[in-house]
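Novice: One predicted model, sequence on top.
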Amino acid sequence: FFHLSQSPHPNTYSLSKGIIMSAADAKKAEGNAHFKAKRYPEAIAAYTEAIELDPSNHVFYSNRSAAHYGSGDYESAVADGRSCIRANRDFVKGYFRTALALKAMGTYNEALEVLRDGQRVDFNNRDLINLLNEIRPLADREEAERRSGLDDSERLKAEGNDLFKGGQFDGAIAKYTQALDACADRTSMLAIQCLNNRAACYHQQYAFDAVISDATEALYALDSHVDAGETDFDPQSKMRIKALTRKGLALEGIERYRSALDCFREVLQINPNVDVANKAQHRLGQAVRRLRAGE
C-alpha cells in the first residue's frame, strides 16, 4: 500500500514540469495565432500567461516583445526584448527585437549599442546587419544636429571621444586639451569628463604620471563641489569611480602598490560590485604583503 509519508516517485517532479511546459507552449501557440491575426492585446495576454507558467523561456519574451511592438507600445517591447536577452544571451532575435523598438522610439545610439552586442553573438546575422544599416544614418544625423548646438568645449570633447573610439589617442589627447582650455571653469562637469577621458588616453600610452595627474585633478574638482554642498556632484558618482580606478591602475603601473590599493578600497566603499576594483584589491593586497615580508 502507498502511505502518505512515503516520498513521491522521482518522476513526479519531471511529470509536473512537463505538464507546466506543455501548458506554457499551448499558451504560446494561442498567442501566435492572435499575433498572426494582428489581435495584439489578445496575443500579449496569451504570452503573459505563458511567461507566468515558465518565466525562463526566452522565446515567450521575444514573442510578447513583437506583440507590444505591433500594438505601438515600444517601451514595453524594449523591456521584453531585454528580458529575452537576459534569459538567453545567445538568442539573436532578442537583440533584434530590442533594437527595433528603440529605433521606433528614436533612441538610435542605444539601438546601435544593442545591435553591436547582438553581433558579438552572430556577426553575420542578416537581420542585425540590415537594421544596423537603417539606423546608422539616422544616428549620424541626430548626432550632427546635437553637435551643431554645442559650444566649443563640448564640441571639442565630442571630437575627442570620436578619436578615442578609433584608437587615435594622440589626436584625442589634443582635442581634450583644447576642450579643457576652452572651459571657463576647470572644475565644471565638462572639465571633469575631459580630464577622465584624457587620463584614459594616457593610460593606453602607459603615460602613468599623466594619468595620475589628470585623475587627481578630476577628484579634486569633484571634492570642491561636494564641499560646497552642490548635490549635482554626488561623491559616489560614476565619474569618481572612473577617476579612482584610472588613478589606481596608474599607481600600480609605477609600483606604488599601497597608494593604488587605497584607491581601489575607496572605489569598493562606493560600490562593492565593481569587478575591476575587486580584482585589483586582491592583486594589490598580495603585492603589499610581499613588500612587507621583504622589509
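Specialist: Structure's in. What do you need? What you see is a predicted model; the values in this text were computed from it and never measured. Residues are numbered from 1 along each chain as shown.
Novice: which residues does the nearest residue to residue 254 once chain neighbours are set aside contact?
Specialist: Leaving aside its chain neighbours, residue 254 sits nearest to residue 208 (5.0 Å; criterion: C-beta to C-beta, 6 or more residues apart in numbering). Every residue, glycine included, has its C-beta placed from N, CA and C. Applying C-beta atoms under 8 Å, 6 or more residues apart in numbering to residue 208 gives the contacts 202, 250, 251, 253, 254.
Novice: OK, contacts around the residue nearest the centre of the chain?
Specialist: By C-alpha atoms, centre = their mean, the chain has its centre lying nearest to residue 113, at 9.0 Å. Residue 113 makes contact with no residue under the criterion C-beta under 8 Å, 6+ apart.
Novice: Centre of the chain to the lowest-mean-pLDDT helix or strand in the chain, how far?
Specialist: In the chain, no helix or strand scores lower on mean pLDDT, DSSP states H and E than helix 11-36, which sits at a mean of 84. Put simply, helix 11-36 sits 33 Å off its chain's centre (C-alpha atoms, centre = their mean, to the nearest Å).
Novice: before we move on, the earlier item: looking at the contacts of residue 208, which one is closest to residue 95?
Specialist: residue 202 (34.1 Å; C-beta to C-beta).
Novice: quick one: the closest one from residue 250, how far?
Specialist: As for residue 202, its distance to residue 250 is 8 Å (criterion: C-beta to C-beta, to the nearest Å).
Novice: Restricting to C-alpha, output stretch 175-182 in PDB.
Specialist: Only the C-alpha atoms of stretch 175-182 are listed here, as PDB (Å, rounded to 0.1, in the frame of the first residue of the first chain):
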ATOM      1  CA  LYS A 175      41.100  67.500 -28.500                       C
ATOM      2  CA  TYR A 176      40.500  67.000 -24.800                       C
ATOM      3  CA  THR A 177      43.300  69.500 -24.000                       C
ATOM      4  CA  GLN A 178      41.700  72.100 -26.300                       C
ATOM      5  CA  ALA A 179      38.300  71.400 -24.700                       C
ATOM      6  CA  LEU A 180      39.800  72.000 -21.200                       C
ATOM      7  CA  ASP A 181      41.500  75.200 -22.400                       C
ATOM      8  CA  ALA A 182      38.100  76.300 -23.700                       C
END
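Novice: chain center to that stretch, what's the gap?
Specialist: 27 Å.
Novice: And the contacts of that stretch?
Specialist: 151-154, 156-157, 159-160, 163, 186, 190-191, 194-195, 197-198, 201.
Novice: which secondary structure elements does the least confident helix or strand of the chain contact?
Specialist: helix 40-53, helix 58-71 (3 or more C-beta pairs under 8 Å, 6 or more residues apart in numbering; DSSP states H and E).
Novice: how about the ones you listed in CSV, adding mean pLDDT, mean neighbour count and distance to residue 32?
Specialist: CSV is the format used below for the helices and strands packed on helix 11-36 (pLDDT from 0 to 100; neighbours: other C-beta atoms under 10 Å; distance: least, C-beta to C-beta, whole Å):
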stretch, mean pLDDT, mean neighbour count, distance to residue 32
helix 40-53, 97, 20, 8
helix 58-71, 98, 23, 7
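Novice: Looking at these, spot the one closest to residue 293.
Specialist: helix 58-71 (50.8 Å).
Novice: got the angle between that closest one and helix 40-53?
Specialist: Note on geometry: by axes from the mean of the first three to the mean of the last three C-alpha atoms, to 10 degrees, helix 58-71 and helix 40-53 are set 160 degrees apart in direction.
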